[in-house]
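Student: what follows is a protein structure lacking sequence information:
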């Protein structure tokens, strides 16, 4: 029997089984037959059999008639260009989500999918979105309905991979707390909007900033400063902003990656330069409505681009690819404006709408006056009146300038002091000013002087003071999602508390004698060769020849014919990082805690390094979630090992958890600021990374490993001592086998630390 005949037979049998199952449910059975008939014309028999199975599973899931009818309605409206396997995947996802989160979430998914499918270009994107929602329903069933209800809003400016990364980040950020998940997925958490806007693309602005500055000079002969714009507190995407002689650019353009990201930044800078060159006046707002402001801005965009194209026709290749809108059956104010924007730059574009045609004709008629900004006000006003007569709604709050490379146009307008102006008239300006105030008041981004490499860069934080001053935020590596989440952890820094009874290691006379002998002649760096000495290790040939010549000439001088190698200048910087988590309070059989031994090792090492004229700092850390990584300064590089430092050592306590990656990054920043021949980060810990908001034990291990690798690439040596009888299986993975050292007997830690110091100085 042929394969096609077998498939048809299977389809027939599955249809019969489904009809038998629905016997007695006449309304559902009729809907099934109607949907099946619609699919029969476009779906192969094996697809129909799979569809029957999906309907069967939805019925058996007992999610209610509304869910089943919703899937059948979606099936009946299915269009041929899209594979029916996508439809089947939606049905199966609805069943899985319904079982975990209830029938309401399943029904919401089916209703939302009919709206967002056009934005999911392929089966890969659809499956990515469905998998992300399935994971959310499994882990946070109370929140999946919130994410589904905002699916259209979130996918309007980003793809499936961005959405998946946003969901994954939300699950990480919530730390297993349902209340925090609800806040995140309801978009009430500013972090939620920021992470979705950034997506998986990283910081494109930092990567391209130098190139953009060079482009501005090449095109417009203008040397301007750029600033990175703060992420908006809603998923509405940011646009380029011109203000006070600065060009503000978003950290990333959602939905643009790789070469596409490069292209849109270059297009944005070229467009901004056209405004700076040709937008010579600011329009008074007066009593213009928000729609009129948007239309005048659109015409002004087209006017300055037209002038720029006269001078540099090649710019069309930069701008035109972003004008991709085509005519659609249902006209909206925002949709018509995007189509007009394309009509004014693309001579080959044909649009059937009379309003778009009128706008193109008015613009063409004013070509002889294109250097006069007043034409933008005139044409925009006429087109705005027509929109009003067409009764098309315009939402100023949700309006975003399109295409994405164009700026927000606020620099074109003089809003002035308008106490009597209607609220709607200046809504666009209010929203922008509110966002701008999130930046530095001086108008300079906190990252203006930062290196493009974001992996270890700290950013100024603006969180509430908790257990110290918030001094920096750092990224964190999510090994499961294969992405680095920017500004994920917050460092709270403070000087360690001072105890009334300083810790004094000098009572251990044997250890101090051994330390003095060990460090007396040790050095780091190159050795210095002293020539012409009275005594030494070898003969100085040049001095011996010179002395022989002098004696034959009858001159008598002191015989200095030896050379001696001596230690060079001290050039070693060590940062000793102490784990202060709660587990360091555990005691061994003799009643000693790990913290006691860490304290003693720190005091002895700091005393020895000071005696050897090397630089050492002693810091400690613990964590209580990603937003509270507490970092204590015990001894600074420039501080002597005095009573104050010993009092801080004595005042140390054990608390909370071990978010190692963030502490490594912050400690690495301290070492990066030192001028030294060799920089060493030495970590003392009694356990592997963990924290209260991370249930996955491998997550913080992989992040710490990445942090250690990044520091090594920057020239910092990292060593770690695992203290206690634990085997520390992940210590090798984080620091490497040669740099991960075990100390099962905690009392020998000071000696082991000093042995490492001696090796470093050889």
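Tutor: Looks like it arrived, so ask away. Owing to the predicted nature of the structure, the values given are computational and were not obtained by experimental measurement.
Student: for the residue nearest the centre of the chain, give me phi and psi.
Tutor: Nearest to the mean C-alpha position of the chain, counting by Cα atoms, centre = their mean, stands residue 486 at 3.0 Å. Main-chain dihedrals, residue 486, degrees, to the nearest 10: phi -70, psi 150.
Student: gap between it and residue 575?
Tutor: Distance, residue 486 to residue 575, by Cβ to Cβ, to the nearest Å: 24 Å. C-beta: built from backbone N, CA, C; applies to glycine.
Student: ok, and the closest non-adjacent residue to the residue nearest to the centre of the chain?
Tutor: Sequence neighbours aside, residue 475 is the residue nearest to residue 486 in space, at 5.0 Å (criterion: Cβ to Cβ, 6 or more residues apart in numbering).
Student: same check, this time on residue 616
Tutor: Nearest non-adjacent residue to residue 616, counting by Cβ to Cβ, 6+ apart: residue 609, 4.1 Å away.
Student: pLDDT on the helix ranked longest in the chain, on average?
Tutor: What stands out as the longest helix in the chain, according to DSSP state H, is helix 290-311. On average, the pLDDT along helix 290-311 is 94.
Student: how about that helix: buried residues?
Tutor: 290-306, 308 (16 or more other Cβ atoms under 10 Å).
Student: output the contacting helices and strands for the host helix or strand of residue 72.
Tutor: In this structure, residue 72 is located in helix 65-76 according to DSSP states H and E. If contacts are counted by 3 or more Cβ pairs under 8 Å, 6 or more residues apart in numbering; DSSP states H and E, helix 65-76 sits against helix 26-40, helix 45-60, helix 84-101, helix 103-116.
Student: could you check the angle helix 103-116 makes with it?
Tutor: Counting by axes from the mean of the first three to the mean of the last three Cα atoms, to 10 degrees, helix 65-76 lies at 20 degrees to helix 103-116.
Student: run the angle between helix 65-76 and helix 26-40 for me.
Tutor: Going by the same axes, to 10 degrees, helix 65-76 makes 20 degrees with helix 26-40.
Student: can you list the buried residues in helix 65-76?
Tutor: Buried residues in helix 65-76, counted by 16+ other Cβ under 10 Å: 67-75.
Student: reformat those residues as CSV; add pLDDT and distance to residue 398.
Tutor: Converted to CSV, the buried residues of helix 65-76 look like this (pLDDT from 0 to 100; distance: Cβ to Cβ, whole Å):
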residue, pLDDT, distance to residue 398
67, 87, 30
68, 84, 34
69, 85, 31
70, 86, 27
71, 85, 30
72, 85, 32
73, 85, 28
74, 85, 26
75, 84, 31
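Student: and those residues as JSON lines, adding distance to residue 667?
Tutor: Shown next, in JSON lines, are these (distance: Cβ to Cβ, whole Å):
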{"residue": "67", "distance to residue 667": "53"}
{"residue": "68", "distance to residue 667": "58"}
{"residue": "69", "distance to residue 667": "60"}
{"residue": "70", "distance to residue 667": "55"}
{"residue": "71", "distance to residue 667": "55"}
{"residue": "72", "distance to residue 667": "60"}
{"residue": "73", "distance to residue 667": "59"}
{"residue": "74", "distance to residue 667": "54"}
{"residue": "75", "distance to residue 667": "58"}
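Student: now, among those, which is nearest to residue 165?
Tutor: Lowest distance from residue 165 to these (Cβ to Cβ) belongs to residue 74, with 26.7 Å.
Student: from residue 678, how far off is the residue nearest to residue 486?
Tutor: Counting by Cβ to Cβ, the gap from residue 475 to residue 678 is 26 Å.
Student: those two: who's more crowded?
Tutor: Higher neighbour count among residue 475 and residue 678: residue 475, with 27 against 16, using other Cβ atoms under 10 Å.
Student: average pLDDT for the helix or strand where the more buried one lies?
Tutor: Residue 475 is located in strand 469-478, with elements delineated by DSSP H and E. The average pLDDT for strand 469-478 rounds to 87.
Student: would you mark the buried spots in it?
Tutor: Neighbour count says strand 469-478 has 470-478 buried, by 16+ other Cβ under 10 Å.
Student: equivalent analysis for stretch 150-164, please.
Tutor: Of all the residues in stretch 150-164, those buried under the rule 16+ other Cβ under 10 Å are 150-151, 154-164.
Student: again with stretch 608-622
Tutor: Of the residues in stretch 608-622, 608-610, 612, 614-622 count as buried by neighbour count, 16+ other Cβ under 10 Å.
Student: first vs last residue of it, how far apart are they?
Tutor: Start-to-end span of stretch 608-622 (Cα to Cα, to the nearest Å) is 26 Å.
Student: next one: it to chain centre, how far?
Tutor: 33 Å (Cα atoms, centre = their mean, to the nearest Å).
Student: what of stretch 125-142?
Tutor: Relative to the centre of its chain, stretch 125-142 is centred 21 Å away, using Cα atoms, centre = their mean.
Student: residues making contact with that stretch?
Tutor: 86, 89-90, 93, 96-97, 100-102, 105, 109, 117, 120, 143-144, 147-148, 151, 155, 159-161, 163-164, 167-168, 170-171, 174, 178, 181-182, 185 (Cβ atoms under 8 Å, 6 or more residues apart in numbering).
Student: quick one: contacts for residue 362?
Tutor: Contacts for residue 362 (Cβ under 8 Å, 6+ apart) come out as 379, 382-383.
Student: at 6 Å what do you get?
Tutor: residue 379 (Cβ atoms under 6 Å, 6 or more residues apart in numbering).
Student: let's verify it: helix, strand, or coil?
Tutor: State at residue 362, reduced to three classes by DSSP: H, G, I helix; E, B strand; the rest coil: helix.
Student: returning to that earlier point: tell me the one of the buried residues of helix 65-76 nearest residue 41?
Tutor: residue 75 (12.4 Å).
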